[in-house]
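Q: Structure for the following, please:
(2 chains)
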Amino acid sequence: MKYIFSSVLIFLLLPSLSSGQSSPSHTISGVIKAAESGETLIGASIGVASLKKGTYTNDYGFYSLTLPESTDSIEIRFFFAGYRTEPRTILLNQNIQLDIELTIASLDEVVIEANSIEEQLNSTQMSVERISMEEAKRLPALFGEVDIIKTLQLKPGVSSGSEGSSGIFVRGGGPDQNLVLLDNTVVYNPSHLFGFFSTFNSDAVKDVKLYKGGFPGQYGGRLSSVIDVKMNEGNKKKFSGAGGVGLIASRLTLEGPIVKDKASFMVSGRRTYVDIITRQINKLQEDNPDFNPIPDYFFYDFNAKVNYELSDKDQLFLSGYFGRDKFTFKDDDFDFNFNWGNSNATLRWNHLFSPKLFLNTSASYSDYEYIISNNFDIFSFELGSRITDGTFRTDFTWIPDNKHTVRFGASGIYHRFIVGRLNAGASDESFSLEAGQTYFGGEYGLYIGDDFEVNNRVKLNAGLRLSGFSSDSTFYAGVEPRFSARITLSENVSVKASYARMIQYLHLVSNSGASLPTDIWYPSNRRVPPQGSHQVVAGINISIGEQYILSNEIYYKWLENQIDFRDAANLFVNDDLDSEFVFGKGWAYGNEIYIEKTKGRLTGWIGYTLAWSFRQFQGVNPNGEVRNEDAINDGEPIFPRNDKRHDVSVVALYDLSKRWSISASWEYRSGNATTLPIGRFFSFGPEFLNLGNASATDQDANFFTLIPDFVKRNSFRMPAYHKLDIGVVFKFFPKWGESDLTLSVYNAYNRRNPYFLYIEPQTNDQGVPIDNVAKQVALFPVIPSITYNFKF
Amino acid sequence: MTFYIKTSFFALLGLLFLASCNLTQEVDLELPEYEEQIVVESYLEPGQPFLLTLVKSSGFFDDIELDYVREATVTITHEGNTDTLQPLEIDILTPGIEAVLDTALLSLFEPIIGQGLYLYGSFSLVPEFYNTDFSLQVTTKDGQKLSAVTQIPSPIESQEMEYRFNDDTMALVLTTFQDDPNTVDYYRRLLVERKRVITTDSITMESDTTFVNDVDQDFTIDDEVSNGGPIVFGTGFDYEEGDTLISTLFHVTNDYYRFIATRDAAIQASFSPFGQPAVVYTNITGGIGLFTGFTRRRAMIVVGE
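A: Numbering: from 1, shown residues only, chains lettered A, B, ... in the order given. Just a heads-up that it's a prediction; the model follows:
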């Protein structure tokens, strides 16, 4: 503990020590916004060429740059990708507040630039991917549905679980090890329909950042990644809208001022309509006795946000998300419903104490639940699980001088977990049954970090996060140091390194090959310790001319207290879920190389990842005992399902003219690890002889079963996955705004990528198994789709 | 429960398949050489003879046929007494064998088992020793040793069956029994509908009545959901007046429960993308399979009587 306080003290003292040695200086600060909408711009650059000084706006558009006092005018340039650079000349003899509005560049000038080369070279932050919505919208997409998560999957070190899935696996981590934030609130299940579509409506999203390593101190609670999504704030200048009509879904976004330049709103909705078609098919086939009705399925999501500028120094935001997937199947005596979805709300207050101290405080609510219900005859049952959070967090950014940016803050989360809640009964009260558990937990975080420019060549970021979790009369505390460094070797080359310790107190209970809505979030408790990781990363960034940046990162990650489940674990209705867990460890390492062309008519990138990931479960149960029967693969290291040796992505976007642009992406991934039976044996069952008591009444039940012998988990590889997607965008310029037709061709060369392998027993005329045949199932052949998008 | 979830997932997948065609194709899998194992199966039930099967497992794509382990020495020890099980070679064509074997059913499997069965058994009966150890020792002809220990759970006290009619002259059947609150228990529920089938010879016009058993429910559960209270199994309104239903309630061991759970998971995973492949649980040291004991209690109801 003494060490922790000493560290905090050192962090706090560092800026004052260095600032005490500098000459008189003044601070220029403000917010950078888009002129057309009043939206704050995240990551906009502010540079003073004559002094070789610069900075970037934070997640709320705020910047602060402290410069030495000057008797001569200096030129400051404000820049953001896709916008016209705004130069300003100022005389810096006092602190200046300067809010800037940048204008979108004309069509001829438009460049698509995700991360500025300069920022990548200069920042201490590494292992971060940022995508622009413009970029995501131009890339081809499955059924034409723009998906920011799938765009992230095209970046090195990030992969999907299976074909078409928007699940994310980062640097050998698991699907539960990603912290997905929407306006500072956690989204526990960020996908619709098995993970084939993400919950994020691209029209409502402003900015997406993915951290794969080198995590800043304000993030905690997950081991492998942070996906930080910010919603649009709403146009403060004029009423506007955007939307699209696609093959399976339509969407509409409306935004506008409530009080011009002071307050605005944004609402956005999306809904699929496959159910409307399937209902018609069912209706047409009503009289066909051989027809099995198609179940009803649809999803929708709804985003809303309002913001109000209370003063020059205060701004309030209220944002929310609500989404549901609904699946229904009804017939004469069967009424089955399966609903799941997230609800999120955030109230946020930004306050500027001074040009050097910025505050962001938020209170948020997050909820995810699934409910399965069925009614037949007089019986009914309902099964569900739910996680609900109430979160309070406050984050300060203090920029005491031009060498330091100190971030510190605190957070507290109240969790409520309802696990496997079952209500079953009969309307005549002949029986009723209830099961399930409710748990509570508190998660706490306290952090501080300083981005410290030691000199022109060396910049350090050192931070510390203290975390804690209480549940089930148990308290866990963790110390999570974070460190990163950048050394500039030349104007075009910088090398970086980082270390991050992460602790995860929540666990996703999932025993399936797919990412399912029924996966349950579960707290650490007396018997289930938190997961932990250490990750080290080293990398180099090289800018090649003004248009290219090449980066290479090598990482190694150690994972502690990884969770798997006993074979055939019962995860649905089980009041003693802990007993199904087995604990182990993991490790992952790899190399990611990435080259991106950021400017010009042709933009895009090529990424290649070579990676290994391992887990080892030696049969440690929740009581800390080692039981050989629970060891996975006899306790030897195994590849997790999503271990992929090679991962290549090539993305190209090309502007043919003002009206036409084309894009293409090609992906290649080594096959997933999978489990296949290599042997088999017969089980005679207890009724194979009708001797004595085993009379004929029981004989048909479990007679002579052929059982596959899986032997080793994840010891095979699926065939490699590869596909090419092509997109064409044709723009119209009507008087009322903009519109376009976007053609997407998913899987253009019709590759049959295996979704899963299965064994089909071959039987003789009497139904007796005589042979086995292996088959693979692909989900998506070539799928062309067209989407009409508009904006006014 | 799992059924409903899986049903919905498959139905959702079905929606996706609507947009596609010809997406399933046969593939050649090169599996590594499989190391065959000896599979033991024996279910001890008080009052019944000791019986045990001993076969070898085989590679997944090998020809499907039974490979018996012959001439092994098999003993079962309980309360200081040792029973030696003798090899029994049974020809299913032997006249009179129908009295102890369902030869009609076995004949379906002739391509696999041929015309004979090779078992180990004794004519002494399993004693009514509940919750005490029974130890199995197997030594094969080539010296391989296998062993296991199990117990026989005491029988449940009783189960009650009742029917209830709805307005459409259809009935449901409820089966109720009491779980022991002092022990962790595992059960197997088996509900069989005995259907009367009357066939008439078209020439002689003579009628013949036979019974066909349809298994309506067969699953294992633990007592987690009842916590020592009554456990009720229901059915839908599927039965008419005169239908005969037989409920068999097995009180089984944790070993049996896990064997069935992992067996079902393994079978499920071999054809479902949502299945979690499981190594089938075994309590056999030196081999695979199951050595277990159980008791069963049966009740019957004729709907409307």
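Q: Return the set of buried residues in stretch B:194-204.
A: Applying a neighbour-count criterion of 16 or more other C-beta atoms under 10 Å in any protein chain shown, one finds B:Arg194 buried in stretch B:194-204. (Glycine included, C-beta is placed from N, CA and C.)
Q: Oops, could you answer that again for stretch A:432-442 instead?
A: A:433, A:435-436, A:439, A:441.
Q: among those residues, which are in reach of chain B?
A: Among those, the residues lying close to chain B (C-beta under 8 Å from any C-beta of the partner chain) are A:433, A:435.
Q: how about the helices in the chain?
A: Since you didn't name a chain, this refers to chain A. Under the criterion DSSP state H, chain A contains helices at A:2-20, A:117-122, A:133-138, A:148-152, A:274-284.
Q: not quite, I wanted chain B
A: Remark: helices assigned in chain B by DSSP H are B:2-18, B:103-108, B:110-113, B:254-269.
Q: Need the per-residue pLDDT for the spatially closest residue to B:Thr53 that is not a sequence neighbour.
A: Closest residue to B:Thr53 apart from its sequence neighbours, by C-beta to C-beta, 6 or more residues apart in numbering or on different chains: B:Glu41 at 4.7 Å. In this prediction, B:Glu41 carries a pLDDT score of 94.
Q: and residue 278, how many neighbours does it have?
A: If you meant another chain, say so; for now it's chain A. 18 (other C-beta atoms under 10 Å in any protein chain shown).
Q: hm, I was asking about chain B
A: Look at B:Ala278: counted by other C-beta under 10 Å, it has 26 neighbours.
Q: Now do the contacts for it.
A: A:567-568, A:710, B:261-262, B:265-266, B:269 (C-beta atoms under 8 Å, 6 or more residues apart in numbering or on different chains).
Q: Where is pLDDT lowest across those residues?
A: Among these, A:Ala568 has the lowest pLDDT, at 71.
Q: isn't that one right next to B:Ala261, touching?
A: Yes - A:Ala568 sits in contact with B:Ala261 when judged by C-beta atoms under 8 Å, with a separation of 3.9 Å.
Q: Of the two, which one has the most company?
A: Shown here are A:Ala568 and B:Ala261; by other C-beta under 10 Å, A:Ala568 has more neighbours (25 against 21).
Q: Now that one. Its backbone dihedrals?
A: With angles defined as degrees, to the nearest 10, A:Ala568 sits at phi 60, psi 40.
Q: again, but for A:Leu310
A: Per degrees, to the nearest 10, the backbone of A:Leu310 is at phi -70, psi -40.
Q: Run a quick neighbour tally on it.
A: With other C-beta under 10 Å as criterion, A:Leu310 counts 13.
Q: Can you tell me, leaving aside adjacent residues, what's nearest to B:Leu119?
A: B:Leu88 (4.6 Å).
Q: for A:Gly214, same thing?
A: A:Ser498 (3.4 Å).
Q: Overlap in contacts, A:Ala568 and B:Ala261.
A: In contact with both A:Ala568 and B:Ala261: B:278, B:281, using C-beta under 8 Å, 6+ apart.
Q: And the contacts of B:Ala278, which two are furthest apart?
A: Distance extremes for these: the farthest pair is A:Phe710 and B:Ala261 at 14.1 Å, using C-beta to C-beta.
Q: Is chain B within reach of stretch A:605-616?
A: No - with C-beta under 8 Å from any C-beta as the criterion, chain B is not reached by stretch A:605-616; the gap is at least 14.8 Å.
Q: which parts of that stretch are buried?
A: Those would be A:605-611, A:613-616, for stretch A:605-616 by 16+ other C-beta under 10 Å.
Q: I'd like to know which of those residues are part of strands.
A: A:605-611, A:613-616 (DSSP state E).
Q: Residues in a beta bridge with the spatially closest residue to A:Arg222 that is not a sequence neighbour, which ones?
A: Closest residue in space to A:Arg222, ignoring its immediate chain neighbours: A:Leu179 at 3.8 Å, by C-beta to C-beta, 6+ apart. Beta bridges link A:Leu179 to A:Val226, judged by DSSP bridges.
Q: Is there a neighbour count for A:Leu179? I'd like the number.
A: A:Leu179 has 21 nearby residues by other C-beta under 10 Å.
Q: need the contact list for it.
A: Per C-beta under 8 Å, 6+ apart, neighbours of A:Leu179: A:186, A:219-222, A:225-227.
Q: Likewise for A:Ser432?
A: Counted by C-beta under 8 Å, 6+ apart, A:Ser432 has contacts A:423-426.
Q: The stretch 201-305 of chain B against chain A: which residues are in contact?
A: So far as C-beta under 8 Å from any C-beta goes, the stretch 201-305 of chain B lies against chain A at B:211, B:213-215, B:218, B:224-226, B:232, B:234, B:236-237, B:246, B:248, B:258, B:261-267, B:269-281, B:288-289, B:294, B:296, B:298.
Q: could you flag which of those residues are buried?
A: B:213, B:218, B:225-226, B:232, B:234, B:236-237, B:246, B:248, B:258, B:261-267, B:269-270, B:272-281, B:288-289, B:294, B:296, B:298.
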